[in-house]
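**Student:** 3D, please:
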Amino acid sequence: MTALSGRRLPASELTRRVSTYTGKALTPITLPWPDSANWLWRTDELAPQLLKLARTRAETDAFWSSLQALFGWDRWAHPEALTAIPGSLPSRLPLMPLPLTFLGRLQDAPLWSLPWREASSPEMGVALAAALGRQAAMLHRDALPGWGHPVSGIRPLEAWPDLARRFVETHPCVETHLDRRDLETALSWPLPSRAVWCLPDLRPDQLLAGATDWLWSDWEALVWAPIEFDLCLIELLLQDRDQRDAFVSSYRLSGRLPDLGPYRDGMRTLAVLMALHGDGATTRVMSHPRWLTI
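**Tutor:** Predicted structure coming up:
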């Protein structure tokens, strides 16, 4: 059960095993990406659930390996602890996280369920940018005691520059993705101002746009990270000035944007090495417009 096979639907034998384990009839769901983190099924019942069986792990996947190396977070090691995360977030978020229930393990892979919603993923546009601005401002309102993960361990902000630099210097693909000039620039790491909740792999397809509300359906990779890291990653999602203006206007209703200039190249280097935008995205990530320049 790894992403290496490129399979977009779970094998019929795997579906049979999950069905037997849960006692529910299941309809498999086609994965949106070859490297999707979970196998997915919809339960066939009056109040259906979405079942997620972990498909990728730190040993086989660039993103989860990086998340473990940099933030110490491994969802395979703490699958039940994930269920408590939504209760730790601010209430009344514009994009409310769907609750997660841990069902157990199947061949060591964690299995979770969450409520099924008849909704589709939104397009990245002005409305979503505004919602992300409100969401980020609320998640950034309270400074956290350090960075890492509340379950697996927290480090002080003073440790970020050395550990982030070491992550880049020792990454097996660093010289494949970055030339020496970019590398020297990226290795200048100022001290972050504070730590906040952050979803490094945030994308529109992890959200649901319902008839009356927005929902956050995929938040398993939430960590505590420098605010500059989170904003530099959100900046990479913004596609034009209208989206930038919508995000900034919404964010500034209850938050103040920090100066990202000294941090941007280093944080974008992390985005490349964590494969947040796939393979071959180095040029696109490093040259992306600096929308959140203040």
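**Student:** OK, contacts around R42?
**Tutor:** R42 makes contact with L26, T27, I29, P48, Q49, L50, L51, W116, according to C-beta atoms under 8 Å, 6 or more residues apart in numbering. C-betas here are computed from N, CA, C, even on glycine.
**Student:** L114 belongs to a strand, doesn't it?
**Tutor:** Yes: residue state for L114 (DSSP: H, G, I helix; E, B strand; the rest coil) corresponds to a strand.
**Student:** can you get me a residue count around it?
**Tutor:** Using other C-beta atoms under 10 Å, L114 is surrounded by 18 other residues.
**Student:** is it true that it touches P97?
**Tutor:** No: if you go by C-beta atoms under 8 Å, L114 and P97 don't touch, sitting 9.2 Å apart.
**Student:** now do the shared contacts for those two.
**Tutor:** Contacts common to L114 and P97, judged by C-beta under 8 Å, 6+ apart, are absent.
**Student:** neighbour-wise, which of the contacts of R42 leads?
**Tutor:** L51 leads the contacts of R42 on contacts (other C-beta under 10 Å) with 26 neighbours.
**Student:** tell me which element that one falls in.
**Tutor:** Element membership for L51, per DSSP states H and E: strand 49-54.
**Student:** what packs against that strand?
**Tutor:** helix 12-22, strand 38-43, strand 109-115 (3 or more C-beta pairs under 8 Å, 6 or more residues apart in numbering; DSSP states H and E).
**Student:** check which element follows the last one along the chain.
**Tutor:** Using DSSP H and E, the helix or strand that directly follows strand 109-115 along the chain is helix 126-139.
**Student:** same deal with the first one?
**Tutor:** Remark: after helix 12-22, the chain's next helix or strand is strand 26-29, criterion DSSP H and E.
**Student:** any chance you could list what contacts that following strand?
**Tutor:** 9-10, 15, 18-19, 39-44, 50-51.
**Student:** and those, which are buried?
**Tutor:** P10, T15, V18, S19, W39, L40, W41, R42, T43, L50, L51 (16 or more other C-beta atoms under 10 Å).
**Student:** going on from the lowest-mean-pLDDT helix or strand in the chain, what's the next piece of helix or strand?
**Tutor:** Every helix and strand of the chain was ranked by mean pLDDT, DSSP states H and E. The lowest is helix 180-186, at a mean of 70. For helix 180-186, the succeeding helix or strand toward the C-terminus, using DSSP H and E, is strand 195-198.
**Student:** pLDDT on that following strand, on average?
**Tutor:** With pLDDT averaged residue by residue, strand 195-198 scores 96.
**Student:** strands of the stretch 151-294 of the chain, start to end?
**Tutor:** 153-155, 195-198, 207-209, 214-216, 223-226 (DSSP state E, counting those that start in this stretch).
**Student:** can you put those in a markdown table and add distance to A164 and mean neighbour count?
**Tutor:** Below are those laid out as a markdown table (distance: least, C-beta to C-beta, whole Å; neighbours: other C-beta atoms under 10 Å):
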| stretch | distance to A164 | mean neighbour count |
| --- | --- | --- |
| strand 153-155 | 11 | 15 |
| strand 195-198 | 13 | 24 |
| strand 207-209 | 28 | 20 |
| strand 214-216 | 26 | 19 |
| strand 223-226 | 9 | 23 |
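**Student:** for those, which one sits closest to Q135?
**Tutor:** Closest to Q135 of these is strand 214-216 (C-beta to C-beta; 8.3 Å).
**Student:** thinking again about what came up before, save the helices and strands packed on strand 49-54 as CSV, and put in mean pLDDT and distance to S250 too.
**Tutor:** Below are the helices and strands packed on strand 49-54 laid out as CSV (pLDDT from 0 to 100; distance: least, C-beta to C-beta, whole Å):
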stretch, mean pLDDT, distance to S250
helix 12-22, 97, 40
strand 38-43, 96, 30
strand 109-115, 96, 27
